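Colleague: Provided below are the primary sequence and the corresponding predicted coordinates.
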Amino acid sequence: METHNGHPTRATSWRRTNGRQLRLLSSLAVVASGLVPEITVQGFDAAKVLAFSLGPVTVRPHTVFSEVYNDNVFYLPDNLNPIDDFITMFGAGASFSIGREVTVNPWMDFFEEEANFITVDYNWVHLDYLDTSYLDADNHTVALRNRFRGNRLAVKGNDRLAMITGLVGGGTTYRQKVEQLQINDNYLVEYNLSEKTRFYLNGSHNTSDYEKATPFYDITTWRATTGFGHRPFSRTSVFGEFHYGQSLPDPNTEGMVKGPSMDFFGGYLGLQGRFTERLSGMIKGGYEVRSYSDGTDAEDSPIMEVSLSHRFRNNTATTLSYSRQESLSAEYAGVLTTLDALRLRVDQRFGGNGRFMASATGSLNWSDYGDTPGLEGRKDASYQINLELIYMIKVWMLAGFGYEFEMFDSTTQGIIDYDVNRVTLRMVIGY
């Protein structure tokens, strides 16, 4: 593989490409399992429809079907005659639960009490391209979610394994189908020292593993966090936390430069809770120190996370999120990238029974490669607008229409700028 100043010239941008499929499926899952159980229509409780009991276990099967028109499948600029296509997505799955899981939705109170539960969820989705059939793929996802709360001790965990096959591109020169394994684990243990003071431990692990002989770096990141929280007011708490972790890159071809691992540690101070009757969420800011295993310098920098929800009316909800973090690039060996992500979403329900739901989302993402040799001044920006209208035909059946516009722009020559329009029709049955 060709290199430039010790860095590979080909790279992946999975989060801007195949991640569209994952976001679509995640959206369907939230609609199916998060909004429907909150709504009762004509005397029917959605939680009792298409849900079967096997002793203490509740089984909820679900199916999804979507038809997507994409006017730029390979993320090409206008002067290279972008290829359009129709993609049919269909799949099925089921969740197996003990206890009741409360799925977060835009109208849920921030401190709504969750019951104890354990849920195993499996999803299979097939992608069928009308013209570019060599991109056809099957994706599988298995997730384990659980929560236990006693008088003082609480444990909450999430595990997810996804086997994904799809197109890789978006801001790179690589336009091929690649298999990837994603593993994500996150566990939080909290202990209440008193009614107002708590102590917590959090451990997380993330792995992105691409198939061999592809010019991408596998990256495994783990993080251990310890923190405390104190609630001086009835609905708002202050907290502080410290973390330490590592990011470990691994090349997939012999020609790729072996990148150093990165150690990082830092901390946050923040506020969490309900700030007013209609505004709730979390704000935290801090600083992180980093170092490479080969002794080269790694930039230290501020870090920040914001997540705010506002209910303007009972049927209108607004969610704002922002994060600023540093991470190892999956494109280049030993390159640290600053990632800024801003997202604003507005959800609206219509009618007394909430059968119609609409949402509008705007996202801005910036990537800054700093002063890396060979990449000086490289800055990437992507912009997305998503519009969606959902109609609840039955309490167990949803139909939706969506439109998405995406634009990518880079300051570096050789990185392809593009824009994409997608139109989606979708159907969800069950959970």
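Modeller: Nice, I can see it.
Colleague: now the helices: where do they sit in the stretch 1-150 of the chain?
Modeller: Secondary structure of the stretch 1-150 of the chain (DSSP state H, counting those that start in this stretch): helices at 19-30.
Colleague: which residues of it fall in strands?
Modeller: Along the stretch 1-150 of the chain, the stretches classed as strands by DSSP state E, counting those that start in this stretch are 3-4, 7-8, 40-41, 44-45, 52-54, 57-70, 85-99, 117-129, 137-149.
Colleague: shaky segments in the stretch 1-150 of the chain?
Modeller: Within the stretch 1-150 of the chain, the stretches with pLDDT under 70 are 1-49, 103-114.
Colleague: rewinding a little: looking at the strands of the stretch 1-150 of the chain, which is buried most?
Modeller: strand 7-8 (a mean of 21; mean count of other Cβ atoms under 10 Å). All C-beta spots, glycine's among them, are computed from the backbone N, C-alpha and C.
Colleague: if we can go back for a sec, adding distance to residue 353, write the strands of the stretch 1-150 of the chain out as CSV.
Modeller: Output for those, formatted as CSV (distance: least, Cβ to Cβ, whole Å):
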stretch, distance to residue 353
strand 3-4, 59
strand 7-8, 55
strand 40-41, 5
strand 44-45, 11
strand 52-54, 25
strand 57-70, 22
strand 85-99, 25
strand 117-129, 27
strand 137-149, 29
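Colleague: Determine which of the ones you listed approaches residue 422 most closely.
Modeller: strand 57-70 (5.1 Å; Cβ to Cβ).
Colleague: Show me the contact partners of the closest one.
Modeller: When contacts are defined by Cβ atoms under 8 Å, 6 or more residues apart in numbering, strand 57-70 is touched by residues 24-25, 28, 32-33, 50-53, 84-98, 125, 420-431.
Colleague: go on, stretch 177-194?
Modeller: Identification of contacts with stretch 177-194 by Cβ under 8 Å, 6+ apart yields 12, 14, 18, 134-135, 137, 151-168, 198-211, 214, 216.
Colleague: which of these are buried?
Modeller: Using 16 or more other Cβ atoms under 10 Å as the burial test, these include 12, 14, 18, 135, 137, 154-160, 162, 164-168, 198, 200, 202-210, 214, 216 as buried.
Colleague: Looking at the residues you listed, which are in strands?
Modeller: 137, 154-160, 162, 164-168, 198, 200, 202-210 (DSSP state E).
Colleague: Parallel or antiparallel, list what pairs with the helix or strand containing residue 265.
Modeller: Per DSSP states H and E, residue 265 falls inside strand 262-274. Sheet pairing for strand 262-274, assigned by DSSP bridges, gives strand 236-251 (antiparallel), strand 279-292 (antiparallel).
Colleague: how about the last one: buried residues?
Modeller: With burial defined by 16+ other Cβ under 10 Å, the residues of strand 279-292 counted as buried are 280-284, 286, 288, 290-292.
Colleague: I would like the residues contacting that strand, please.
Modeller: Contacts for strand 279-292 (Cβ under 8 Å, 6+ apart): 109-111, 239, 260-275, 298-310, 326, 334, 336.
Colleague: Distance from that strand to the middle of the chain?
Modeller: Centroid separation between strand 279-292 and its chain, computed with Cα atoms, centre = their mean, to the nearest Å, is 18 Å.
Colleague: and if you look at the longest one?
Modeller: Between the centre of strand 236-251 and the centre of its host chain there is 17 Å, according to Cα atoms, centre = their mean.
Colleague: Report the angle between it and strand 197-210.
Modeller: 20 degrees (axes from the mean of the first three to the mean of the last three Cα atoms, to 10 degrees).
Colleague: ok, and for strand 236-251, which residues are buried?
Modeller: When burial is assessed from 16+ other Cβ under 10 Å, strand 236-251 yields the following buried residues: 237, 239, 241, 243, 245, 247-251.
Colleague: just to revisit the earlier point, next, format the strands paired with strand 262-274 as CSV and append distance to residue 390.
Modeller: Listed next are these as CSV, based on distance: least, Cβ to Cβ, whole Å:
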stretch, distance to residue 390
strand 236-251, 33
strand 279-292, 24
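Colleague: Could you dump the ones you listed into CSV and include mean pLDDT and distance to residue 228?
Modeller: What follows is the strands paired with strand 262-274, written out as CSV (pLDDT from 0 to 100; distance: least, Cβ to Cβ, whole Å):
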stretch, mean pLDDT, distance to residue 228
strand 236-251, 94, 6
strand 279-292, 94, 13
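Colleague: between those strands, which one is nearest to residue 144?
Modeller: Across the strands paired with strand 262-274, closest to residue 144 is strand 236-251 (Cβ to Cβ), at 22.1 Å.
Colleague: circling back: quick one, which of the strands of the stretch 1-150 of the chain is nearest to residue 409?
Modeller: From the strands of the stretch 1-150 of the chain, taking Cβ to Cβ, the stretch that ends up closest is strand 57-70, at 19.3 Å.
Colleague: how distant is that closest one from the center of its chain?
Modeller: Distance of strand 57-70 from the chain centroid (Cα atoms, centre = their mean) equals 18 Å.
Colleague: so residue 396 sits right up against residue 429, yeah?
Modeller: Yes: counting by Cβ atoms under 8 Å, residue 396 does reach residue 429; the two are 6.5 Å apart.
Colleague: So if I had to pick from the two, which one is more boxed in?
Modeller: Set residue 396 next to residue 429 and count neighbours by other Cβ atoms under 10 Å: residue 396 wins out with 20 against 17.
Colleague: ok, that one to residue 424 distance?
Modeller: 21 Å (Cβ to Cβ, to the nearest Å).
Colleague: One more: residue 157?
Modeller: Computed as Cβ to Cβ, the residue 157 to residue 424 distance reads 32 Å.
Colleague: swap in residue 93?
Modeller: From residue 93 across to residue 424, the span is 19 Å (Cβ to Cβ).
Colleague: do the same with residue 176
Modeller: In this view, residue 176 and residue 424 are 24 Å apart by Cβ to Cβ.
Colleague: so residue 353, which of the three states?
Modeller: Under DSSP: H, G, I helix; E, B strand; the rest coil, the three-state class of residue 353 is coil.
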